[in-house]
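*Asks:* fold the following for me, if possible:
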Amino acid sequence: MADGRRVVLITGAASGIGAALARRLAAPSDALVLATRGNDTGLAAVADAARAKGSAVETILADLTDPASGATLVSAAIARFGRLDAVVANAGFADRTEFAALDEAGYAGSAAAIGAGFFRLASAAIPQLGQGGRIVAVSSFVAHVFRRHVQAFPASAAAKASVEAMVKSLAYELGPRGVTVNAVAPGFIRKDPGSHRAMPPERLAAVEAEIPLGRVGEPDDVAAAIAFLLSAEAGYITGQVLHVSGGLVI
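*Replies:* Residues are numbered from 1 along each chain as shown. Purely as a prediction, here's the structure:
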């Protein structure tokens with residue numbers, strides 16, 4: 001059982017934003033359910049760091065393109081801790097394939113992992129969330145920025161836009177239950193060494209000039225925003241998309 005601790009489920013927790021959030025939340029007051037598709041080594045390292053700060057931690061491997069994944073993740077939280085208080089839907093990937101080169105399979109892949117993945121996770125979690133419950137989805141600047149010097153990500157943009165629309169719909173439906181639903185939309189965020197990069201480093205350096213604050217973000221910049229939306233202080237914020245982009249989206 002969670003013994004009164006807040007239980008937070010985080011997908012994509014083995015690296016980047018998800019790992020930074022787990023490290024930020026880790027404390028005796030929080031129990032964490034950390035999930036990744038396949039990076040079990042990275043997930044174990046994040047879990048060890050969270051346990052060292054006093055969190056009880058459960059880890060699980062799950063692919064959100066699997067129709068059973070949402071139920072599997074939520075069931076793992078309930079089996080270990082007896083409750084679920086918050087969900088952070090962070091898993092996903094960026095596809096920079098231009099529209100002319102994008103085929104139906106590529107489009108469907110983004111939709112399955114991001115849009116349908118969020119739908120599955122939220123559907124499984126909602127029956128467990130009560131007053132003060134939180135859902136936070138990680139969207140992206142790619143659903144908002146379309147201009148000459150910033151490459152478009154058409155499949156990812158469509159998938160992330162669908163997530164933001166679901167966030168707003170869920171905020172309306174779940175508000176009477178005291179559950180808030182929000183999204184954060186990161187800008188260009190520094191990747192962990194050795195992780196997949198949707199944009200080559202030389203291209204990323206060029207687009208820094210498009211960012212008013214003059215730098216790419218750090219995973220913890222986004223983790224801080226998510227942690228706020230999970231907090232009691234954010235209890236009157238719902239249905240919003242919080243941009244964490246250094247001013248890329250204004």
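
*Asks:* just read off the phi/psi values of the residue most central in space within the chain.
*Replies:* Centroid-nearest residue in the chain: Asn90, 1.9 Å away (criterion: C-alpha atoms, centre = their mean). Reported as degrees, to the nearest 10, the phi and psi values for Asn90 are phi -110, psi -20.

*Asks:* burial check on the nearest residue in space to it that is not next to it in sequence, number of neighbours?
*Replies:* Spatial nearest neighbour of Asn90, excluding adjacent residues (C-beta to C-beta, 6 or more residues apart in numbering): Gly12 at 3.9 Å. Bear in mind the C-beta positions are built from the backbone N, C-alpha and C, glycine included. As a burial measure, Gly12 scores 25 neighbours (other C-beta atoms under 10 Å).

*Asks:* what of Ala31?
*Replies:* When neighbours are defined as other C-beta under 10 Å, Ala31 has 27 of them.

*Asks:* quick revisit: how far away is the residue nearest to Asn90 from Ile60?
*Replies:* 12 Å (C-beta to C-beta, to the nearest Å).

*Asks:* who touches both of the two?
*Replies:* Contact with both Gly12 and Ile60 is made by residues Ala35, according to C-beta atoms under 8 Å, 6 or more residues apart in numbering.

*Asks:* correct me, but Gly38 touches Ile60?
*Replies:* No - under the criterion of C-beta atoms under 8 Å, Gly38 is not in contact with Ile60, lying 11.8 Å apart.

*Asks:* who has more neighbours, those two?
*Replies:* Set side by side, Gly38 and Ile60 show more neighbours around Ile60, with 20 against 11, by other C-beta under 10 Å.

*Asks:* pretty sure the more buried one belongs to a helix, no?
*Replies:* No - going by DSSP: H, G, I helix; E, B strand; the rest coil, the assignment for Ile60 is strand, not a helix.

*Asks:* who touches it in this structure?
*Replies:* Neighbours of Ile60 in contact, by C-beta under 8 Å, 6+ apart: 33-35, 72-73, 76.
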